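Asker: fold the following and give me the result.
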Amino acid sequence: MRAIHATEAGGPEVLSVVDLPEPEPGPGEVVVDVAAAGVNFIDTYRRSGVYPMDFPHVPGSEGAGTVTAVGPGVADLTVGDRVAWAEAPGSYAERAVVAAEVALPVPDDLDLEAAAALPLQGMTAHYLVASAFPVQAGHTVLVTAAAGGVGLLLTQLAAARGARVIGTVGSAQKEALAREAGAAEVIRYAELADMTTELPRIVRDLTDGRGVDVAYDGVGKDTFDASLGSLRPRGMLVLFGGASGQVPPFDLQRLNRAGSIFVTRPTLAHYTADRQELLWRAGEVFGAVVEGTLSVRVGARYPLADARAAHEALEGRATTGKVLLVP
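Answerer: Numbers count the residues shown, from 1 in each chain. The predicted structure follows:
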């Protein structure tokens, strides 16, 4: 089968197409014919060496497809079942081995490409608004990169809970997408001379000087200080990603001076710690798309062989919504 190898830690140029033996399922595993694989920033962290990995390796952890083989001990999946997953290493391939315990049943009414676009970013958006900081009617929330894959879903879910969403974006096109998703106010950070000081000022102007209840920040280094400065006293910064780089260590006394604020750095794995919680989050996200109350935007589809171009576009902030690789 064809797959993508990251040959060593480095930039997108380390990605290449290789031929690998057909996978076989082990105990508790299934082999899936991959309809589409999700491209996520965590893939770039693993490729670049930000997260330690063995090389070479097949990148990717998210996708959807049809079960073609079932390993010993798997009782609830059969050949022909449609499944999706958020954490199955080696998903940039024509076929992937998926542990049955992380396989998510895909509703009949949900297209497999849409299913591939939802597990990681959809469940991330779900735990952010439902658990990391439970959003309620009357809250004002700040969403950085509101036109990105998580940002569009997060904006919709927060607005559906009755929150007022202030989004940041980089262009007029992305502003339109964020507003369509439910953002009440949109700030174009590319037009700010100094984001660290100007974004908090604008946010406070929009909130009568109070600040937001929560800032959801998936950008990281470039926006962390601005997000921190936009919070109300006892507000919370939820740092869930580092698209611009990792946030360096900082003085915890800043939290005191800013009004006894909170900072958390969550990850999806800790919010899908058991099968019941995993299925609950996936079921709510998949169900909302089927019902039409949540829209998933696939912003770009690349052939499997163009994984390098997909990573370049993602890291260059040239994408909106979800990026998929289609074998």
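Asker: on the pLDDT front, check residue 243 for me.
Answerer: Note for residue 243: predicted pLDDT of 82.
Asker: ditto for the one 10 residues further on
Answerer: According to the model's per-residue confidence, residue 253 sits at a pLDDT of 96.
Asker: same deal with residue 211?
Answerer: 98.
Asker: same deal with residue 205?
Answerer: Reported pLDDT for residue 205: 98.
Asker: ok, residue 89 next?
Answerer: 96.
Asker: list the contacts of it.
Answerer: Contact analysis of residue 89 by C-beta atoms under 8 Å, 6 or more residues apart in numbering lists 57, 58, 60, 61. For every residue, glycine as well, the C-beta is placed using N, CA and C.
Asker: equivalent analysis for residue 175, please.
Answerer: Residue 175 neighbours (C-beta under 8 Å, 6+ apart): 147, 169, 186, 188.
Asker: out of those, which are buried?
Answerer: The neighbour count (16 or more other C-beta atoms under 10 Å) marks 147, 169, 186 as buried among the contacts of residue 175.
Asker: between the contacts of residue 175, which is nearest residue 275?
Answerer: Among the contacts of residue 175, residue 147 lies closest to residue 275 (C-beta to C-beta), at 32.8 Å.
Asker: would you map out the domains in the protein?
Answerer: 2-117+296-326, 121-268 (automatic domain parsing).
Asker: hmm, which of the contacts of residue 175 is lowest in pLDDT?
Answerer: Among the contacts of residue 175, residue 147 has the weakest pLDDT, 93.
Asker: give the closest residue to it in space, chain neighbours not counted.
Answerer: residue 174 (3.6 Å; C-beta to C-beta, 6 or more residues apart in numbering).
Asker: who touches the one you found in this structure?
Answerer: 146, 147, 320.
Asker: surely the last one and residue 178 touch.
Answerer: Think residue 320. No: assessed by C-beta atoms under 8 Å, residue 320 is found out of contact with residue 178, at 9.4 Å.
Asker: so between those two, which is more surrounded?
Answerer: Taking other C-beta atoms under 10 Å, residue 320 and residue 178 do not tie; residue 178 has more neighbours (28 against 24).
Asker: please, which helix or strand holds the more buried one?
Answerer: Using DSSP states H and E, residue 178 sits in helix 172-181.
Asker: tell me the gap between that helix and the middle of its chain.
Answerer: 18 Å (C-alpha atoms, centre = their mean, to the nearest Å).
Asker: now the strands: where do they sit in the stretch 51-200 of the chain?
Answerer: 62-70, 82-85, 95-99, 104-105, 140-143, 164-169, 185-188 (DSSP state E, counting those that start in this stretch).
Asker: re the thing from before, show me what counts as buried in the helix holding residue 178.
Answerer: Applying 16+ other C-beta under 10 Å to helix 172-181 flags 174, 175, 177, 178, 179, 181 as buried.
Asker: got the contact list for the fourth one?
Answerer: Taking C-beta under 8 Å, 6+ apart as the definition of contact, the neighbours of residue 178 are 143, 146, 147, 151, 152, 155, 167, 169, 186.
Asker: spatially, which two of the residues you listed are the most separated?
Answerer: 152 and 186 (12.3 Å).
Asker: from the chain's centre, how far out does stretch 293-312 sit?
Answerer: For stretch 293-312, the distance to the chain centre is 13 Å (C-alpha atoms, centre = their mean).
Asker: identify the single longest helix in the protein, thanks.
Answerer: In the chain, with assignment by DSSP state H, the single longest helix is helix 275-291.
Asker: give me the residue at the spatial middle of the protein.
Answerer: Nearest to the centroid of the C-alpha atoms of the chain, with distances taken as C-alpha atoms, centre = their mean, sits residue 121, at 3.2 Å.
Asker: distance check, that one against residue 62.
Answerer: 8 Å (C-beta to C-beta, to the nearest Å).
Asker: overlap in contacts of these two?
Answerer: By C-beta under 8 Å, 6+ apart, residue 121 and residue 62 have these common neighbours: 38, 40.
Asker: for residue 104, give its distance to residue 37.
Answerer: 15 Å.
Asker: re earlier: make CSV from the contacts of residue 89 and add pLDDT to it.
Answerer: Formatted as CSV, those follow (pLDDT from 0 to 100):
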residue, pLDDT
57, 97
58, 98
60, 98
61, 97
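Asker: pull the residues that contact the helix or strand harbouring residue 307.
Answerer: According to DSSP H and E, residue 307 maps onto helix 307-315. Here helix 307-315 makes contact (C-beta under 8 Å, 6+ apart) with 4, 12-13, 15-16, 39, 41, 43-44, 47, 59, 92, 243, 300, 302, 318-319, 323, 325.
Asker: and if you look at stretch 276-286?
Answerer: Contacts for stretch 276-286 (C-beta under 8 Å, 6+ apart): 84, 102, 104, 106-107, 110, 115, 118-119, 122-123, 125-127, 130, 153, 271-272, 294.
Asker: return the set of buried residues in it.
Answerer: 278, 281, 282, 285, 286.
Asker: and stretch 235-254, by the same measure?
Answerer: Under 16+ other C-beta under 10 Å, the buried positions of stretch 235-254 are 235, 236, 237, 238, 239, 240, 241, 242, 243, 244, 247.
Asker: would you mind giving those as TSV with secondary structure and distance to residue 24 added?
Answerer: Shown next, in TSV, are those (DSSP: H, G, I helix; E, B strand; the rest coil; distance: C-beta to C-beta, whole Å):
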residue	secondary structure	distance to residue 24
235	strand	51
236	strand	46
237	strand	45
238	strand	40
239	strand	40
240	coil	35
241	coil	34
242	coil	36
243	coil	36
244	coil	40
247	coil	41
